[in-house]
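K.L.:
I'll drop the sequence and a predicted model, then ask my questions.
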Amino acid sequence: GKVRAPTHIISTISDDRGDEPCYAGVPMSTIVQSGFGVGDVISLLWFKRSLPRYCTQFIEICIMLCADHGPCVSGAHNTIVTARAGKDLVSSLVSGLLTIGPRFGGAIDDAARYFKDAYEKGLTPYEFVEGMKKKGIRVPGIGHRIKSRDNRDKRVELLQKYAHTHFPSVKYMEYAVQVETYTLSKANNLVLNVDGAIGSLFLDLLAGSGMFSKQEIDEIVEIGYLNGLFVLARSIGLIGHTFDQKRLKQPLYRHPWEDVLYTK
Ligand code: ACO
Ligand code: LMR
């Protein structure tokens, strides 16, 4: 029989050896001719399957809504400072991306993990939130620096509205909203934030689409695919901030002394 030489790399998502590149077996020409969008490409390259239109549209809405949130947030601030230090596009971009993590933009996977676990264990919002407090863990997907009960995050409302109209079930999101109702009884800024909304709604997308086995959903949540949505989305804004600073010919940034409390 044939002897297969051992390979150093295994790859399952794309192939460029034929006449045209394929994403998860789908040729480039089909992608273009079928009018696929970036949501379809993400479905193929991340989830290795074509998802229904309402799912790919949801992915695209997440990307559009998270593309930027002004110059003051952690990521944009880093990018602006880096661009003003004369660094190139890639350096300015990654300097912003490096701020994405458990407090800023990168709480989506943990929100999905904790909401899923609490929902499946049948914990009441009280049991879940107080249990997290005992463990000294802030509930991922809850809380915001400027958003509050009276100044809701429009992005969260838009995502919820889309899912209510198009998803067969929004049970995880409804659980997250019950958690929010409880946390809002403790403090005004403990709203369901955009990370929490995407985390819970993506669980609904995965479970409701009928395209993923329970084991596949567990794997997606365990590996942590979902912060990728924020990383990808925010790259758009961070690249924009880099160009903006260069266009404006902004000088080296130095933080004002008056804004630092020098103390011993
Ligand atoms: N769960 C439980 N309690 C919380 C949470 C939370 N997620 N967030 C704040 N609190 C409570 C705490 O009791 C805190 O008191 P402590 O310092 O004694 O623990 C009190 O609120 C005050 O918190 P602040 O430090 O003033 O909150 P801040 O406004 O600085 O934090 C932040 C905002 C970082 C988003 C925070 O709420 C948090 O860590 N949330 C979880 C992570 C998260 O979801 N991040 C994504 C935000 S959205 C985005 O970045 C796109
Ligand atoms: C964001 O999307 O960057 C924000 O939600 C974070 C912030 O501090 O406003």
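P.N.:
All right, it came through fine. Since the model is a prediction, treat every value here as computed from it, not as a measurement. Ligands and ions are numbered 1, 2, ... in the order given.
K.L.:
and for residue 28, the neighbour number?
P.N.:
Under the neighbour criterion other CB atoms under 10 Å, residue 28 is assigned a count of 14. C-betas here are computed from N, CA, C, even on glycine.
K.L.:
so it touches residue 22, yeah?
P.N.:
Yes. Between residue 28 and residue 22 there is a contact under CB atoms under 8 Å: 7.2 Å.
K.L.:
for the stretch 51-200 of the chain, which spans come out with low pLDDT?
P.N.:
For the stretch 51-200 of the chain, no stretch is flagged by pLDDT under 70.
K.L.:
near ligand 2, which residues of it?
P.N.:
Within the stretch 51-200 of the chain, the positions near ligand 2 by CB under 6 Å from any ligand atom are 69, 73, 105, 145-146, 194.
K.L.:
which of the residues you listed come close to ligand 1?
P.N.:
When contact is defined as CB under 6 Å from any ligand atom, these meet ligand 1 at 105, 145, 194.
K.L.:
dump the residue contacts of the second one.
P.N.:
Taking CB atoms under 8 Å, 6 or more residues apart in numbering, we find residue 145 in contact with residue 189.
K.L.:
quick check on it: phi, psi?
P.N.:
Taking degrees, to the nearest 10, you get phi -70, psi -40 for the backbone angles of residue 145.
K.L.:
so which of the residues of the stretch 51-200 of the chain next to ligand 2 sit within helices?
P.N.:
residue 194 (DSSP state H).
K.L.:
for the residues of the stretch 51-200 of the chain next to ligand 2, which two are the farthest from each other?
P.N.:
Farthest pair in those (CB to CB) is 105 and 146. Separation: 14.5 Å.
K.L.:
neighbour count for those two, which is higher?
P.N.:
Neighbours were counted for residue 105 and for residue 146 using other CB under 10 Å; residue 105 has more, 24 against 11.
K.L.:
just to check, the more buried one is in contact with residue 195?
P.N.:
Yes. Residue 105 lies in contact with residue 195 (CB under 8 Å); the separation is 6.6 Å.
K.L.:
what are the ranges of the helices in the stretch 151-264 of the chain?
P.N.:
154-166, 171-184, 194-208, 214-223, 227-247 (DSSP state H, counting those that start in this stretch).
K.L.:
please point out which parts of stretch 126-141 sit buried.
P.N.:
Buried residues in stretch 126-141, counting neighbours by 16 or more other CB atoms under 10 Å, are found at 128-129, 132, 139-141.
K.L.:
and residue 188, how far from residue 123?
P.N.:
The spacing between residue 188 and residue 123, counted by CB to CB, to the nearest Å, is 24 Å.
K.L.:
got it, and residue 81?
P.N.:
In terms of CB to CB, residue 81 sits 42 Å off from residue 123.
K.L.:
on that earlier part again, mean neighbour count for the helices of the stretch 151-264 of the chain - can I get that in CSV?
P.N.:
Formatted as CSV, the helices of the stretch 151-264 of the chain follow (neighbours: other CB atoms under 10 Å):
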stretch, mean neighbour count
helix 154-166, 16
helix 171-184, 20
helix 194-208, 26
helix 214-223, 13
helix 227-247, 19
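K.L.:
just to revisit the earlier point, between residue 188 and residue 123, which has more neighbouring residues?
P.N.:
A direct count of neighbours by other CB under 10 Å for residue 188 and residue 123 places residue 123 higher, at 17 against 12.
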